[in-house]
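Peer 1: 3D, please:
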Amino acid sequence: MSISKTLNFSASDGVKIAASSYGSDQHPTVIMLHGAGQTRHSWHRSAVKIAESDFNVVTVDTRGHGDSTWSEHKDYSLDTLVSDLHSVITQLNAGRPTVVGASLGGITALLAQGESNIRLFEALALVDITPKIDKQGVARILEFMNRFEEGFETVAQASAAVADYKGGSQSAASQNPEGLLKNLRLRDNGRYYWHWDPALLDHVSGFGDEVVERQRMAAQALSLPVLLLHGKLSEIVSDDDAADFLQLVPHARYVDIAQASHMLATDNNDLFANAIVEFLLDSSAV
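Peer 2: Next comes the predicted model:
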């Protein structure tokens, strides 16, 4: 099993960005960006598997998440998240990475490359995120993220909340209390809280048509190798949404993963990681 190392980066405004690296830094670099409300540890099993195929995998805690610091000015705008990604790439000093972004991480990566006048990435993999998404599905996720402002008495309560959200099914996180604990923060009052800054939701819940259009324009500007991974059971991205993206980026590769929801990397890690590795090993993607 690949042993991870902890890395630290500095954002332009002084926020500290935490990350883990798997594999040798002599190998091609893959940066993995999680979704809103997650941490870099959600990628752990995937990162290990990808690193075993001779890649240097760097999983990043988005500002306000996990071990990265919270923004003093509560700045979680898309422009700032894009700037943070630029900072990580520059400080890694490992050439052009391939970037894998899920949900909010995917939006960040799409805008970073699609709005740049230079090629920043070797390739881009978007994990169940497209410009056009289901607003009801987003609302359901945001409602879940807002629901537990007073935290949990025990990790088991948090596990039950995750299982309930997933319709009673036990996700990888809820089956693994130790893994779930990495997504929780124990405060002085003895209660557990999600490991992210609630101020993030002020930005995410405000995404409107202008953000959709911005993503569409960024997608149309992509000329590098692109992979879209879609969870067949996703509550966010429908088959039609995926088809819309493929019209914007006709050269993109597309993988539909059965029995996986929006959280497809945890729902079906082996198929997810195998699809990423196949994409990376393709001669056009490295």
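
Peer 1: residue ranges with poor pLDDT in the stretch 151-286 of the chain?
Peer 2: 167-179, 283-286 (pLDDT under 70).

Peer 1: what ranges do the strands span in it?
Peer 2: With DSSP state E, counting those that start in this stretch as the criterion, the stretch 151-286 of the chain has strands at 184-186, 192-194, 226-231, 253-257.

Peer 1: Using a markdown table, lay out those strands together with distance to residue 148 and mean neighbour count.
Peer 2: C-beta coordinates here come from the backbone N, C-alpha and C atoms, glycine included. Converted to a markdown table, these look like this (distance: least, C-beta to C-beta, whole Å; neighbours: other C-beta atoms under 10 Å):
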| stretch | distance to residue 148 | mean neighbour count |
| --- | --- | --- |
| strand 184-186 | 10 | 15 |
| strand 192-194 | 7 | 19 |
| strand 226-231 | 24 | 24 |
| strand 253-257 | 28 | 17 |
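
Peer 1: Could you export these to JSON lines, including columns for distance to residue 52?
Peer 2: Output for these, formatted as JSON lines (distance: least, C-beta to C-beta, whole Å):
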{"stretch": "strand 184-186", "distance to residue 52": "29"}
{"stretch": "strand 192-194", "distance to residue 52": "31"}
{"stretch": "strand 226-231", "distance to residue 52": "19"}
{"stretch": "strand 253-257", "distance to residue 52": "20"}
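
Peer 1: Between those strands, which one is closest to residue 242.
Peer 2: Counting by C-beta to C-beta, residue 242 lies closest to strand 226-231 out of the strands of the stretch 151-286 of the chain; the figure is 4.9 Å.

Peer 1: now for the closest one, which elements pack on it?
Peer 2: strand 123-127, helix 239-248, strand 253-257, helix 264-267, helix 269-281 (3 or more C-beta pairs under 8 Å, 6 or more residues apart in numbering; DSSP states H and E).

Peer 1: Report the angle between the last one and strand 226-231.
Peer 2: If I follow you right, that is helix 269-281. 170 degrees (axes from the mean of the first three to the mean of the last three C-alpha atoms, to 10 degrees).

Peer 1: Buried ones in helix 269-281, by neighbour count?
Peer 2: 269, 271, 272, 273, 274, 275, 276, 277, 279, 280 (16 or more other C-beta atoms under 10 Å).

Peer 1: For the closest residue to residue 187 other than its chain neighbours, list each beta-bridge partner.
Peer 2: Leaving aside its sequence neighbours, residue 187 sits nearest to residue 193 (C-beta to C-beta, 6 or more residues apart in numbering; 6.0 Å). Taking DSSP bridges, one finds residue 185 as the beta-bridge partners of residue 193.

Peer 1: Alright, calling it a day.
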